[in-house]
Every structure is written in structure tokens, then in C-alpha cells.
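# Predicted model and sequence follow; I will ask about them next.
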Amino acid sequence: MARHLQIPQAIRELLEQGAHVLVNVSGGKDSDAMLKLLWDAYTLHGWRGDFRVVTCDLQRNEWDFSLPHIQKFVSETTGKQVEVIRREQGDLVDQWWTRYRTLQQEGRADRVPPWSSASARFCTKAQKEAQVNKFIVKQYPQEAVILSCIGIRADESPARKHKQVVQVYTQSPTAPTKNRHVYRWLPIHEFSLSDVWSTLGWTLERLEALRSEVKANIQPGDREGLYALLKTWNYHANPVYALGNDRCSCRLCVLANQNDLRNGILWNPDHYRDLVELELISGFSFQQGRWLAEMQPDLLSDEQRQRWTQLRQTVPQASIKTITKHTSPVQLTLPW
């Protein structure tokens, strides 16, 4: 049975007073479920504020499934068009390369990795949070009350478990949202994984059956075959979950588990080679102790394989050294 949305009294009062609803979607299962529940509640209660849906396009890092899925799901669920925003200064690949060059100029490129990480999530801050703040300033008048809704769940990680369900942004001329009253609300914070899939009309058992069929019948890169198979299952969530992914984020994410990384590599070999290039040039692994280069070397160019072999010979304990380097906190002055 699908779980109902629990609306805190403070949020309910704001909605009844005409607060605007801004739903942040990523193409993932959690934001899909959140959007569906929020739209059902919005239409049921007749709240007066605007209801808008925004997504941050991660460009080269985005799964090619995600934006078409978002556009279709938002349209079919709400009858509205999703508003797509992007970082004008470049995507995350640009950020990683800019960080590397900056570290080179500062003489620290041999000690500090170019990659983002769990402890240095400038990716989320620059590619999502900053862009949504700009959108709010541009689209809403000063003194407007906005509920910025995000599909974060407590059981995703220890850090997310301790997130506040409602957080008030500072209202001041110098705040990122510049005199707008912005409340960050996590509507499905207490939902389990099963709750999310149930909201989308699926059980975990049925999802695993679909994944087994995809694994048995679809070769990596066969997008046409994948879409045809998903249609027979009446599956409407992001295709990345049908591939077996636990998360829908970047095609290759610094926080992804090995299974999700493997899927990202096999379905996006060009992007894989691009990121390995930065590993080879910087000498730092994509994740702590895990090199993309060693995960699927048959997909690398001959020249990249040669350089990877040379790097391993030059630094035989590369993985161990990388862990040490990554865990050393360093303050950086960067252009974003």
C-alpha cells in the first residue's frame, strides 16, 4: 500500500497562506515519488501559490535517459513543463579540469585531487544548489514565500538521516536567495525504499524481476532494445534503475557504488574515457582507492592503456597513496 504524504503543520500553514511550491527533480525515483505526492496534495487542497518544477541539467555528466524521462514524467503527472536550468560557467567535467589547472598554478596538483568527494561536494553546491538559488532570485519577487522541495530520504545515508525536514534559509539582501523567504522541505524524508517504489506503482520484487530480464536480454548501449523491453513491462521510472542502478545521479558519480559505476562505464564508454584521461594526467583516482582506469581497461584507447600501465609501474602503491591524499583536508581558493 502506498504511503501518504505527511505535511508538517508549519508547512501546511504556509501553503494555506499562499506559499509557492518549487519542486526540485533529478529524474530519480525519489523525486518522481515526491512530485507525484505533492501534485496530488496541491490539487486536493487547492493551494493558491504557484506550483513549479525545476531540474538542474548536469550536461555531460547526465545520463541521456534522465532529461527525456523528467520532461515526460512531469508533463504526464502535472500537465506542466519542467523548467531546465544549467550552470553557465560549465558542467562538472569543466569544474574538475578547472580545479586541476588551479591546483597546478598553486603548486599543489601533486597533493590535492581534482575530483569532488563526499567531504568536498562542490559538485552539488555549484551544479545544483547555486543554480536553484539563481532561479529563485530571477523568477520570484522579493518577500515571496517559497517551499523548495527536495526528495532526500533518511535511509539513504547517515548524513541524510540527520537532515532537518524543514530548514529556513536566511532572509537578507546578502543571502543567496536575496530577501525571498525560502524554506527547504524534505517531504519524503521518512519514506523507505519500498515506500518510494510503491508510490510509483511498483514492488521491489517486481523491479528485481525486470532487472533480471534486462540483464539477460539487453546488451550495454542497446537503448532501443531497452526501451522496447521496458514498454512491455509498463515501466515509467528512469531506465537506469532497470539496468540495476541503486541511484540515479551522474553517469559516473564520485559517490557511486561499484555496480553503478560499472553500468555507467558500459553504457557511456566515451564519457568513461574522458574521465580516465583526468585520472591519468592528475595521478589521482576517481574515488578513494578505486581507479576508473582499472575497472574496464578494454574500453580505453590503446594509448590510455599504455599510460595506465606506466602509471601503475611508476606508482605501484597508487591506490594506497590516493587514500592518504584524499583524506588530507586542504583549503582551496577556486573560481566558483
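Ah, there it is.

# What values do phi and psi take at L147?
phi -100, psi 110 (degrees, to the nearest 10).

# ok, it - contacts?
I11, L14, L15, A19, H20, V21, L22, Y183, W185 (CB atoms under 8 Å, 6 or more residues apart in numbering). (Each C-beta comes from the backbone N, C-alpha and C, glycine too.)

# And the residues you listed, which is closest to Q164?
Nearest to Q164 among those, counting by CB to CB, is W185 at 9.6 Å.

# tell me the pLDDT at the closest one?
We have a pLDDT of 96 for W185.

# got it, and T98?
At T98, pLDDT is 96.

# quick thing: my sequence starts at 45, can you match it?
Yep, numbering from 45; the last one is T142 now.

# Could you look up the SS state of it?
helix (DSSP: H, G, I helix; E, B strand; the rest coil).

# Now name the helix or strand holding L305.
Taking DSSP states H and E as the criterion, L305 maps to helix 302-311.

# Mind listing residues that contact stretch 103-118?
Counting contacts by CB under 8 Å, 6+ apart, the residues outside stretch 103-118 that touch it are 69-71, 76, 79, 97, 99, 101, 124-126, 128, 130, 135-137, 267, 280-284, 292, 294-296, 308, 312, 315, 318.

# right, I mislabeled it, should have said stretch 297-315
Contacts of stretch 297-315 (CB under 8 Å, 6+ apart): 104-105, 107, 159-162, 167, 264-265, 284, 287-291, 293-296, 316, 330-331, 334, 336, 339-340, 343.

# still on that earlier bit, quick check, distance from the helix holding L305 to the centre of its chain.
In terms of CA atoms, centre = their mean, to the nearest Å, the centre of helix 302-311 is set 15 Å apart from its chain centre.

# In it, which residues are buried?
Across helix 302-311, burial judged by 16 or more other CB atoms under 10 Å covers D304, L305, R306, N307, G308, I309, L310, W311.

# Same question for stretch 158-178.
158-161, 164, 166-167, 170-177.

# Return the member of those nearest to H89.
V176 (24.5 Å).

# Would you confirm that the closest one contacts R131?
No - if you go by CB atoms under 8 Å, V176 and R131 don't touch, sitting 11.0 Å apart.

# Quick check: Q148 is in a helix.
Yes - checked against three-state DSSP, Q148 lies within a helix.

# Neighbours of it, how many?
Look at Q148: counted by other CB atoms under 10 Å, it has 14 neighbours.

# Which parts of the chain are strands?
For the chain, applying DSSP state E gives strands covering 64-69, 95-100, 127-129, 189-193, 210-212, 225-229.

# Would you reformat these as TSV and include distance to V258?
Below are those laid out as TSV (distance: least, CB to CB, whole Å):
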stretch	distance to V258
strand 64-69	24
strand 95-100	25
strand 127-129	28
strand 189-193	31
strand 210-212	38
strand 225-229	34
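
# Tell me which of the ones you listed approaches W246 most closely.
Of the strands of the chain, nearest to W246 by CB to CB is strand 64-69, at 18.0 Å.

# Show me what that closest one is packed up against.
Counting by 3 or more CB pairs under 8 Å, 6 or more residues apart in numbering; DSSP states H and E, the packing neighbours recorded for strand 64-69 are helix 73-89, strand 95-100, helix 110-122, helix 174-183, strand 189-193.

# just the angle between that strand and helix 110-122, please?
140 degrees (axes from the mean of the first three to the mean of the last three CA atoms, to 10 degrees).

# Residues contacting strand 64-69, please?
59, 75-76, 78-79, 82, 86, 91, 93-100, 114, 117-118, 126, 172, 176, 180, 184, 188-195.

# ok so, going back, by mean pLDDT, show me the worst of the strands of the chain.
Minimum mean pLDDT among those: strand 210-212, a mean of 89.

# Tell me which residues are up against that strand.
Against strand 210-212 from outside (CB under 8 Å, 6+ apart): P52, A54, I55, V226, Y227, R228, W229, L230.

# Pull out the buried residues from stretch 194-206.
I194, G195, I196, R197, A198, E200.

# got the contact list for the fifth one?
Same thing as A198. A198 sits in contact with R204, K205, K207, H233, E234, where contact means CB under 8 Å, 6+ apart.

# how near is W277 to S192?
Counting by CB to CB, to the nearest Å, the gap from W277 to S192 is 34 Å.

# Between these two, point out the one with more neighbours.
Per other CB under 10 Å, whichever of W277 and S192 has more neighbours is S192, with 23 against 15.

# which residues touch the more buried one?
So S192 contacts L66, N68, V176, I180, V226, Y227, R228, W229 (CB under 8 Å, 6+ apart).

# Run through the bridge partners of it.
According to DSSP bridges, the residues that bridge with S192 are L66, R228.

# Next one: it from E127, what distance?
From S192 across to E127, the span is 13 Å (CB to CB).

# quick one: low-confidence parts of the chain?
45-46, 214-218, 359-380 (pLDDT under 70).

# per-domain residue ranges of it.
Following the assignment in automatic domain parsing, the chain carries domains at 53-239, 248-370.

# and the longest one, how far out from the chain's middle?
Read that as domain 53-239. Using CA atoms, centre = their mean, the offset of domain 53-239 from its chain centre is 9 Å.

# end-to-end on that domain?
22 Å (CA to CA, to the nearest Å).

# Noted, bye for now.
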